[in-house]
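Undergrad: When you get a sec, could you give me coordinates for this:
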Amino acid sequence: MTEPRILLGEEALLQQLPALLHSRGKQRVLLAGGPHFLQSGAGGALRAALGPLLAIERSAPTGLLQASSLKTEAQQLSKGIDAVVAVGGGRSIDYAKALMYYASLAPDFFAAVPTTAGSGSDATSFAVVYEGVEKLSLAHPALLPNVVVWDETLLTGLPQRQRAISGLDALVQCLESLWSLRGTPASRALAWEAGSWLWKQLPYFVETPTSERAIGALYAAHYSGRAINISRTTGPHALSYYLTAVHNIDHGHAVALLLPVFLRYNAASDAIDAVLELLGAADAESAVQGWQRYLHELGVESSLSALGIVPSAVGDWLNHVNGERFANNPVPLDAVRLGRLLHQTLFV
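TA: From the prediction side, this is the model:
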């Protein structure tokens, strides 16, 4: 994996990024981002900083990123784009990647500017979109950003819950990468480094988001993305998309809810050992209890019952397991056993 050019600090977005675009001779920039950022003062400042380089601006739609709509939008992009700048959370950066994928755009300048520290989409070569409620993964080498901008001031104003849920997304990615069947020594090293920081430091970042902690969270989220770019994700992600698509649960919260289910589901596999070590747990049950305490400390619900979802939802849920992601899980799919563990763990 080629290392991206990382621009760091408060001057990274408005000074270093435009200067780098000029130095690389770029003339037509596609700016794609989340509506919250684009409508903010920071969004206006970025437009001004890009000046005549800004050729096209696109705002991510609300709701799920639907493949059919994205294909239409991509076909309407004008020709000659020689650089892409994607700004926002993981979903917004995925939006930019989807436009690139469906428009067959592969510029040699693709900058990702994360405004949350969670998905690691600034370090992956894939994007998540949907057909109805079914998740699709778009993958192409051109979707891997080669410029990453970390401006910690974009994170410090986020609500506490957003910081928590984004950080949980990154942490679960690390834990899944540790037990993934596609894991390698490199992916496990990346996951261990990022996951160790998040497990210890995320509560402090959620409570008091200092500049130093914000940079640490961006770093950890990026490394979680690099880890899953190799290993891909597993069981928790395979079941999470349904919760987001049908029950409108934020993705980071969905995977955090599902981790204890898979601590139990994967308990007999040796692949879980590194996860237990990182969490400081002697066995799977201790890890489940510790994880649920961790969510409570972060102010995040640890059961679906607390979110008003009833056990009868499990039957339909099991009809929407993402097989591509579950194939990386160390224990194969046993729908009956998995259903029992979903009831046991998430409906209390």
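Undergrad: list the buried ones in the lengthiest helix in the chain?
TA: Identified as the longest helix of the chain according to DSSP state H is helix 185-207. Applying a neighbour-count criterion of 16 or more other CB atoms under 10 Å, one finds 187-188, 190-195, 197-199, 201-203, 205-206 buried in helix 185-207. C-beta coordinates here come from the backbone N, C-alpha and C atoms, glycine included.
Undergrad: starting at the chain centroid, how far to it?
TA: Its chain's average C-alpha position is 14 Å from that of helix 185-207, according to CA atoms, centre = their mean, to the nearest Å.
Undergrad: go on, stretch 311-327?
TA: Put simply, stretch 311-327 sits 20 Å off its chain's centre (CA atoms, centre = their mean).
Undergrad: One more: stretch 113-132?
TA: For stretch 113-132, the separation from the chain centroid amounts to 5 Å (computed by CA atoms, centre = their mean).
Undergrad: That one - what's its average pLDDT?
TA: Mean per-residue pLDDT for stretch 113-132: 96.
Undergrad: just to revisit the earlier point, what packs against the longest helix of the chain?
TA: Judged by 3 or more CB pairs under 8 Å, 6 or more residues apart in numbering; DSSP states H and E, the packing partners of helix 185-207 are helix 160-179, helix 211-231, helix 273-279, helix 284-298.
Undergrad: residue boundaries of the strands in the chain?
TA: 5-8, 29-33, 54-59, 83-88, 110-114, 126-131, 134-139, 147-150 (DSSP state E).
Undergrad: Rebuild the ones you listed as TSV, extending it with distance to V255.
TA: Below are these laid out as TSV (distance: least, CB to CB, whole Å):
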stretch	distance to V255
strand 5-8	26
strand 29-33	24
strand 54-59	26
strand 83-88	19
strand 110-114	17
strand 126-131	12
strand 134-139	13
strand 147-150	23
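Undergrad: List just the one of the ones you listed that sits closest to N328.
TA: Judged by CB to CB, the one of those that comes nearest to N328 is strand 134-139, at 12.0 Å.
Undergrad: Okay, domains of this structure per the record?
TA: 5-151, 160-346 (automatic domain parsing).
Undergrad: Might one say that V314 is in contact with H343?
TA: Yes. Under the criterion of CB atoms under 8 Å, V314 makes contact with H343 at 6.3 Å.
Undergrad: Please say which of those two ends up with more neighbours.
TA: It is V314, of V314 and H343, that has more neighbours when counted by other CB atoms under 10 Å, with 17 against 14.
Undergrad: Quick check: the more buried one vs A306, distance?
TA: As for V314, its distance to A306 is 16 Å (criterion: CB to CB, to the nearest Å).
Undergrad: Let's check: the centremost residue of this protein is which one?
TA: Nearest residue to the geometric centre of the chain (CA atoms, centre = their mean): S119, 1.7 Å.
Undergrad: related to what we said a few turns ago, redo the strands of the chain as CSV? Include mean neighbour count and distance to N328.
TA: Rendered in CSV, the data for those read as follows (neighbours: other CB atoms under 10 Å; distance: least, CB to CB, whole Å):
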stretch, mean neighbour count, distance to N328
strand 5-8, 16, 28
strand 29-33, 24, 29
strand 54-59, 17, 32
strand 83-88, 27, 26
strand 110-114, 27, 24
strand 126-131, 20, 13
strand 134-139, 16, 12
strand 147-150, 24, 25
